[in-house]
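1. build the 3D model from these lines:
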Amino acid sequence: MNPLDRFGDKLVRALAQRTSRRGILSRAGTLLAGAASVPLLPVARASAQIPRGDGIPPTKTDDPAADPGNPRSCDYWRYCGIDGFLCACCGGSANACPPGSVMGPVTWVGTCENPADGKHYVISYNDCCGKLGCKRCFCNRNEREAPEYWPQKNNEIHWCLGTPNTSYVCSVSVVIGTALEKDAVVPEP
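-> Numbering: from 1, shown residues only. A predicted model of the protein is given here:
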């Protein structure tokens, strides 16, 4: 018997002495049941029609007086929590992905102050995914960013999960609605 066969024989015999057939079958069953439940996890898919901002009246931001600033600049008021390439420089706009890409359904959120009216707005930052990135107008602003263990307020995570192609292109900032005032009291349900 050659040394490799002897080593394999010793390894298999040691394994057989420490485990039972029932234990191995139990572990294999647990593994199969766990693997079968992975598709049941609550992951939003990009192909699903995800309503954004239900019940919140759309914020008019087409008026330059109501929406001051340049969407191709990092200093634009909506970009206070953005991290990535600006879609406005990549063929899209501040709130729309460029052609050929799809908006990822997973998002991080922030609140930014519009200097035109002094109000704070809830901004949904979404990554656009699906083709090669344009790598123009990189912007990394981390105002009020939370640590990575609070992912919905962290901009360092790759947010193209749930899309057919997870290649990152750029990031958009969608105004969802107005934020509560600083001293406002939220009524209990």
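
2. CA atoms for contacts and neighbours, from now on please.
-> OK.

3. pull up the gap between the residue most central in space within the chain and D117, please.
-> The centroid of the chain falls nearest to W159 when counting by Cα atoms, centre = their mean (2.8 Å). Using Cα to Cα, to the nearest Å, W159 is found at 31 Å from D117.

4. again with C80
-> Distance of C80 to D117, given as Cα to Cα: 16 Å.

5. what's the mean pLDDT across the helix or strand that contains A16?
-> Under the criterion of DSSP states H and E, A16 resides in helix 3-18. In this model, helix 3-18 carries a mean pLDDT of 90.

6. next secondary structure after that helix?
-> helix 21-37.

7. separation between A28 and D83?
-> For A28 relative to D83 (Cα to Cα), the value is 43 Å.

8. hmm, I was thinking of I24
-> Taking Cα to Cα, one finds I24 at 47 Å from D83.

9. of the two, which one has the most company?
-> D83 (22 against 11; other Cα atoms under 10 Å).

10. give me phi/psi at that one?
-> According to degrees, to the nearest 10, the main-chain angles of D83 amount to phi -150, psi 110.

11. quick check: it touching C139?
-> Yes. Using Cα atoms under 8 Å, D83 is in contact with C139, at 5.6 Å.

12. neighbour count: C80 and D117, which is higher?
-> C80 (22 against 11).

13. and the more buried one, its phi and psi?
-> phi -70, psi -20.

14. which ones are touching the closest residue to V109 other than its chain neighbours?
-> Nearest residue to V109, sequence neighbours excluded (Cα to Cα, 6 or more residues apart in numbering): S124, at 4.7 Å. Contacts of S124 were listed using Cα atoms under 8 Å, 6 or more residues apart in numbering, and they are 107-110, 173-176.
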